[in-house]
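K.L.:
Using only what follows, build the 3D model:
(4 chains)
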2 protein chains.
Amino acid sequence: MYERKIERHYCCGLEITTEIIGGKWKPTIINLIHEGIIRPSDLQRAMPLASRRAINIQLNELQEHGIIEKKIYPVLPPKVEYTLTEFGTCLLPITLAMEEWGNKYRERFNKLLELKKEEASQ
Amino acid sequence: MYERKIERHYCCGLEITTEIIGGKWKPTIINLIHEGIIRPSDLQRAMPLASRRAINIQLNELQEHGIIEKKIYPVLPPKVEYTLTEFGTCLLPITLAMEEWGNKYRERFNKLLELKKEEASQ
DNA sequence: ATATGTAGCGCAAAATTATGCCCTATTGGC
DNA sequence: GCCAATAGGGCATAATTTTGCGCTACATAT
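P.N.:
Now for the predicted structure:
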């Protein structure tokens, strides 16, 4: 475990929220679990750009923060399922809104990117 | 400017949204500008934990992404004001919800932190 | 003369986050 | 016997983000 050198301050709400959903893949994981993709291997297939390791770490942190719950089935090969807690469910309005907002403004964003590329090439 | 070594993929909306509001101080800046704190020096006073440098960088990025607009008054000493664009205003439901969520669950979060500390000390 | 307030960039270092590789363990299929 | 799939941890490294220090420039106040 990495131990912070600079202590975090949780003065405003935003600092708490970003502590919890700030990880690169966390909002995605929350949304996917909400969609019913609840087994680690399925999550990995749903996020091919994230490494297995990265996903495991994010899952552990989400669990520590009480956002998701882990059910281990005592079978072989191992079977694990994650579900949103009622606390985690409260986050959905935010994570889903983030997903929506990004999709809504994708074109605008892409145009901006192209503009930048042109500038860079000149 | 830092140049990415690994190209970002903007497949899902979340990746676009986090690219834009992912910076440590960006959601805070957006909310503060919305509250009327629009001059760089006032923003710095409102975020004493953020360095001047950090705030400047985040402001530049927000501007590049079309979230805020910069008005430079040709006076001395210099005067600058930032305002949300109509595009940036669309982000408020998200950033304000994040602030609200964190405040709502602050106690729960703090209890979790204390629990962790106890565990760590044993 | 000197300090303060305004705004902001360059550069290097520090802090943090994310990844890649290798390891364990067991069942079932070929 | 060997490979794939299941789940996940340890460790070192790479990538990225954030900070700190120093610098510019001018006007006003002390």
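
K.L.:
When you work out contacts or count neighbours from here on, use the C-alpha atoms and nothing else.
P.N.:
Fine.

K.L.:
Show me where chain A has its helices.
P.N.:
Taking DSSP state H, the helices of chain A run over residues A:13-21, A:26-35, A:40-46, A:52-64, A:86-89, A:92-104, A:106-121.

K.L.:
Pull the contacting residues for the residue sitting nearest the centre point of chain A.
P.N.:
Central residue of chain A (Cα atoms, centre = their mean): residue A:26, 1.4 Å from the mean position. If you count contacts by Cα atoms under 8 Å, 6 or more residues apart in numbering or on different chains, residue A:26 has them with A:58-59, A:62.

K.L.:
need the helices of chain A in TSV with mean pLDDT and distance to DNA strand D, can you?
P.N.:
Converted to TSV, these look like this (pLDDT from 0 to 100; distance: least, Cα to the nearest atom of the strand, whole Å):
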stretch	mean pLDDT	distance to DNA strand D
helix A:13-21	96	10
helix A:26-35	97	13
helix A:40-46	94	3
helix A:52-64	94	5
helix A:86-89	95	18
helix A:92-104	97	17
helix A:106-121	86	15
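
K.L.:
can you tell me which of those comes nearest to residue B:41?
P.N.:
Residue B:41 sits nearest to helix A:13-21 of all these, at 21.0 Å, using Cα to Cα.

K.L.:
what's the closest one packed up against?
P.N.:
For helix A:13-21, the contact count by 3 or more Cα pairs under 8 Å, 6 or more residues apart in numbering or on different chains; DSSP states H and E identifies helix B:92-104, helix B:106-121 as packing neighbours.

K.L.:
ok and that helix relative to helix A:52-64, angle-wise?
P.N.:
130 degrees (axes from the mean of the first three to the mean of the last three Cα atoms, to 10 degrees).

K.L.:
got the angle for helix A:13-21 vs helix B:92-104?
P.N.:
Orientation of helix A:13-21 against helix B:92-104 (the same axes, to 10 degrees) gives an angle of 90 degrees.

K.L.:
picking that back up, which of the contacts of residue A:26 lies closest to DNA strand C?
P.N.:
Top of the list for closeness to DNA strand C, among these and by Cα to the nearest atom of the strand, is residue A:58 at 7.2 Å.

K.L.:
Verify the contact between the closest one and residue A:28 for me.
P.N.:
No: using Cα atoms under 8 Å, residue A:58 is not in contact with residue A:28; the gap is 10.5 Å.

K.L.:
Compare these two (neighbour count), which wins?
P.N.:
Taking other Cα atoms under 10 Å in any protein chain shown, residue A:58 and residue A:28 do not tie; residue A:28 has more neighbours (23 against 18).

K.L.:
what sits against that one?
P.N.:
Contacts for residue A:28 (Cα under 8 Å, 6+ apart) come out as A:95, B:14.
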